[in-house]
Structures are given as C-alpha cells and as structure tokens.
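A.B. asks: Sequence first, predicted coordinates after that:
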Amino acid sequence: MELLPPHVHKRDSTLWDTDRFGQSCLRETCLFTHCRQSCTTFGSLFLSESRKSWRPLRVGIFAAILVCFSACHFQAIKHDPIKAVLDTNQFLKVLYFDENPYEALKFCNEEFRTSGATDGLTKMLSQIKREQGSLRRLVADSYLMVQGPAMELFYVGTYDNGVLYHRVVVVGEASAGYRVSGVWFQHEPYPQSNLRRKFEIEIPVQ
C-alpha cells in the first residue's frame with residue numbers, strides 16, 4: 001500500500017516524501033548557494049561583444065564573474081537532531097499510539113497535509129496492526145543530515161508480532177522547529193550510511 005504525491009519517487013515500502021538523514025546535542029550547519037541567471041545573462045552579453053576585440057571580452061568576462069559572485073547569497077540552516085526527534089515524537093505518539101491520523105497531521109507540513117494524507121495514514125495503521133499487532137515501544141535510533149532544511153530520522157518499533165523499522169523525513173531548523181514531510185516503514189533495517197549517526201541517548205516515543 002502506498003500513497004505518493006506526484007513529485008515523489010518511490011524509495012521503500014510505505015508512504016510519502018519531500019526528501020533526506022541526522023546526533024545528539026550537536027548543532028550542525030548546512031550551507032547552500034543560490035546563484036543562477038546572473039552568470040548566464042552576463043556571460044551571454046559579453047560573449048556577444050567578443051567579435052569586436054579580445055580585450056573588451058576579457059574585461060567583460062571578469063566583470064561578469066564579479067557580478068555573479070555579488071549576486072549569490074548564502075543561507076545557513078542550523079539543525080538540532082534532538083529538537084527534531086522531540087518534535088517528531090509528538091507526531092508519532094498521536095499517529096501510532098493514539099491512532100489518530102487526523103490529529104497527527106497538525107505536526108506535518110502543508111504539502112503533506114494536502115496530499116490525501118489522512119486516508120493514507122489510516123490505511124498504513126490498519127496494515128501495521130493487521131500484520132504486527134499493537135505497538136509496544138518506538139525508539140529513535142539514528143539520523144541523517146542532508147543539504148538544506150531536511151533531515152531523516154530512523155526509529156525501531158517493537159510490536160506484538162515482531163519489529164518494524166520506521167523512517168521519518170522532517171523539514172525545518174533548530175530555532176523554528178520541525179514538521180513531518182514523509183513517513184515510511186519496512187520489515188528490514190534501513191541500509192547503513194557513513195553519514196548516518198546513532199543517537200547517544202535513548203529517546204522513546206511516549
């Protein structure tokens with residue numbers, strides 16, 4: 001059973017994504033740059049002048065590079081994995097323990113809420129309960145940082161009939177908090193990654 005927004009590619013066995021992973025009390029910073037049209041525009045302008053002489057071309061290219069760098073801007077995002085887990089645990093408690101998908105959407109971003117998520121979460125809960133029984137324990141295991149505002153959190157759930165592995169994608173930052181933008185589960189552990197880090201303390205959903 002799957003329900004995917006149109007912009008999402010399928011990755012594993014269950015639900016949504018906007019996409020990518022996240023350690024304990026550490027705060028980490030991701031930098032990304034936005035710079036596109038300025039370089040292309042100025043490059044084309046000065047290239048058209050190259051037929052006149054090489055000297056104006058060299059001067060023009062140099063000016064274009066300066067303008068390009070001045071047009072670029074950097075945005076720093078500070079992440080706090082512990083904050084991300086505590087925010088996400090509210091969503092997971094309401095969804096898996098209270099079994100209230102509608103209420104759980106209050107902890108999701110707008111795109112997730114408007115993608116038919118209520119029906120999808122309801123079907124997911126029914127499938128899990130039918131196959132695994134009731135959830136006994138759900139604990140944050142590890143996280144993975146990615147560029148930009150996204151982070152992936154990994155949980156291990158213990159059920160009456162076995163264990164499930166959950167992956168939750170959140171978006172946000174340390175100061176403003178985090179909202180859920182994707183949730184999956186599968187029967188096997190998620191693949192290990194050199195960038196994926198274990199939490200140093202146990203953080204159960206409760």
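C.D. replies: That came through, no problem. Given the structure is predicted, the values throughout are model-derived calculations rather than measurements. Numbers count the residues shown, from 1 in each chain.
A.B. asks: Relative to the one helix or strand M151 maps to, what are the paired strands and their orientations?
C.D. replies: Per DSSP states H and E: M151 is located in strand 150-159. Strand 150-159 pairs in its sheet with strand 135-145 (antiparallel), strand 162-173 (antiparallel), by DSSP bridges.
A.B. asks: Highest mean neighbour count out of the ones you listed?
C.D. replies: strand 162-173 (a mean of 21; mean count of other Cβ atoms under 10 Å). Using the backbone N, CA and C atoms, a C-beta is placed for each residue, glycine as well.
A.B. asks: which residues are in contact with that strand?
C.D. replies: 12, 17-20, 77-79, 84, 87-88, 91-92, 109, 128, 132, 138, 149-157, 178-190 (Cβ atoms under 8 Å, 6 or more residues apart in numbering).
A.B. asks: Now the buried members of the residues you listed.
C.D. replies: Among the contacts of strand 162-173, the ones that count as buried by 16 or more other Cβ atoms under 10 Å are 17-20, 77, 79, 84, 87-88, 91-92, 109, 128, 132, 138, 149-155, 157, 178-185, 190.
A.B. asks: Might one say that D160 is in contact with Q132?
C.D. replies: Yes: using Cβ atoms under 8 Å, D160 is in contact with Q132, at 6.7 Å.
A.B. asks: can you list the weak-confidence ranges in the chain?
C.D. replies: 1-75 (pLDDT under 70).
A.B. asks: Could you list the domains of it?
C.D. replies: Domain assignment for the chain by automatic domain parsing gives 36-71, 79-204.
A.B. asks: Now do the contacts for the nearest residue to D80 once chain neighbours are set aside.
C.D. replies: Excluding its sequence neighbours, the residue lying closest to D80 (Cβ to Cβ, 6 or more residues apart in numbering) is A174, at 3.8 Å. Residues near A174 by Cβ under 8 Å, 6+ apart: R27, K78, H79, D80, K83.
A.B. asks: Please flag which of those sit within helices.
C.D. replies: In helices, judged by DSSP state H, the following of the contacts of A174 are found: K83.
A.B. asks: need the contact list for H187.
C.D. replies: H187 touches S13, G162, V163, L164, Y165, counting by Cβ under 8 Å, 6+ apart.
A.B. asks: Can you tell me which of those lies closest to E99?
C.D. replies: L164 (15.3 Å; Cβ to Cβ).
A.B. asks: ranges for the strands of this structure?
C.D. replies: For the chain, applying DSSP state E gives strands covering 28-34, 73-79, 135-145, 150-159, 162-173, 177-186, 196-204.
A.B. asks: Among the ones you listed, which comes closest to E99?
C.D. replies: Of all the strands of the chain, strand 135-145 comes closest under Cβ to Cβ, at 9.2 Å.
A.B. asks: pull the CA atoms of that closest one into CSV?
C.D. replies: C-alpha atoms of strand 135-145 as CSV (Å, rounded to 0.1, in the frame of the first residue of the first chain):
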residue,chain,number,x,y,z
LEU,A,135,2.8,-1.2,19.0
ARG,A,136,4.6,-1.8,22.3
ARG,A,137,7.6,0.5,22.0
LEU,A,138,9.0,3.0,19.5
VAL,A,139,12.5,4.5,19.9
ALA,A,140,14.6,6.9,17.9
ASP,A,141,17.7,5.1,16.6
SER,A,142,19.7,7.4,14.3
TYR,A,143,19.5,10.3,12.0
LEU,A,144,20.9,11.6,8.7
MET,A,145,21.7,15.2,7.8
